[in-house]
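Q: Predicted model and sequence below, questions to follow.
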Amino acid sequence: MRILLVEDDSMIGEAVLKGLQQEGLTVDWTLSGEDALLAFAVEPYELVVLDLGLPGISGLDVLNSIRADGAAVPVIILTAWDKVSQRVLGLDSGADDYLIKPFALDELAARIRVLLRRHSGIAQSEIHIGDLTINLTTRNVSFRGKSVYFSSREYAILLLFVREPGRVFSRGQIEERIYGWNEEVASNSVEVHIHNIRRKTFKNLIRNIRGLGYVLESDS
């Protein structure tokens with residue numbers, strides 16, 4: 001899952017970036033509202049983590065701009081502003097959640113998981129596809145009762161298909177979702193990751209549709 005982090009404090013931003021990457025998330029980090037809006041206009045984000053106290057364009061302005069464009073992407077506000085009136089303003093402006101600094105990275109990660117589940121219409125924390133079980137809380141994947149190791153990329157691709165079953169994703173669309181800025185992408189990386197997913201589960205889990213891309217074969 002690809003996330004946009006908007007945070008002008010370099011220490012906080014670096015910590016959140018690394019923490020969320022360890023959760024298997026792809027994170028693009030901007031330090032200003034202007035850069036955030038530019039990034040949001042060109043990249044497909046599943047969620048935005050947004051600081052309010054930004055230089056130049058404020059976090060609230062960024063949020064208002066996102067919602068004015070009709071985007072329903074979940075937004076979590078991070079801020080040192082702890083007055084009730086400020087929290088209400090952020091939520092009324094279209095934020096989905098609100099976390100006050102200082103905060104625990106584990107709590108932020110948990111709130112992100114909840115919003116991603118809710119936004120994709122998945123209520124439960126476990127997903128079952130045939131003999132495959134995915135625990136969205138622990139990130140544990142098991143096949144026929146045995147735990148299976150998935151790399152962060154493989155897990156991200158698996159979740160991409162699970163969250164939007166029936167949708168056909170091209171290779172380019174998959175790359176956009178799982179790779180962040182300045183990350184090198186080998187020409188056959190998506191194919192390799194999908195091959196590994198099939199090898200660890202069953203060969204028809206993700207089916208190739210010639211000339212179009214890949215789709216989750218939910219009846220496998």
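A: Alright, I've got the coordinates.
Q: Tell me who's in contact with the closest residue to Arg207 other than its chain neighbours.
A: Using Cβ to Cβ, 6 or more residues apart in numbering and skipping the chain neighbours, the partner closest in space to Arg207 is Glu217 (4.5 Å). In this view, the C-beta of every residue, glycine as well, is placed from N, C-alpha and C. Contact partners of Glu217, counting by Cβ atoms under 8 Å, 6 or more residues apart in numbering, are 204-207.
Q: pretty sure Ser65 belongs to a strand, no?
A: No. Looking at Ser65 with DSSP: H, G, I helix; E, B strand; the rest coil, it is helix, so not inside a strand.
Q: For this structure, give me the ranges with low pLDDT.
A: The model of the chain has pLDDT under 70 over residues 123, 218-220.
Q: Which parts of it are helices?
A: 10-22, 33-42, 59-68, 84-92, 105-119, 152-163, 171-178, 189-200 (DSSP state H).
Q: re the thing from before, now a ChimeraX select for only the buried ones of the contacts of Glu217.
A: Buried residues among those (16 or more other Cβ atoms under 10 Å), as a ChimeraX selection:
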select :205,206
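Q: Quick check: which of the helices of the chain is nearest to Ile127?
A: Closest to Ile127 of these, according to Cβ to Cβ: helix 152-163, at 5.7 Å.
Q: Which strands or helices does that closest one pack on?
A: On a contact count with 3 or more Cβ pairs under 8 Å, 6 or more residues apart in numbering; DSSP states H and E, helix 152-163 meets strand 132-135, helix 171-178, helix 189-200, strand 213-216.
Q: TSV for the helices of the chain, including mean neighbour count?
A: Below are the helices of the chain laid out as TSV (neighbours: other Cβ atoms under 10 Å):
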stretch	mean neighbour count
helix 10-22	15
helix 33-42	17
helix 59-68	19
helix 84-92	13
helix 105-119	16
helix 152-163	21
helix 171-178	18
helix 189-200	17
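Q: Put together CSV for these, with distance to Arg139 on each row.
A: CSV is the format used below for these (distance: least, Cβ to Cβ, whole Å):
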stretch, distance to Arg139
helix 10-22, 10
helix 33-42, 26
helix 59-68, 28
helix 84-92, 29
helix 105-119, 9
helix 152-163, 6
helix 171-178, 15
helix 189-200, 14
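Q: Between those helices, which one is closest to Arg144.
A: Using Cβ to Cβ, those put helix 189-200 closest to Arg144, at 11.1 Å.
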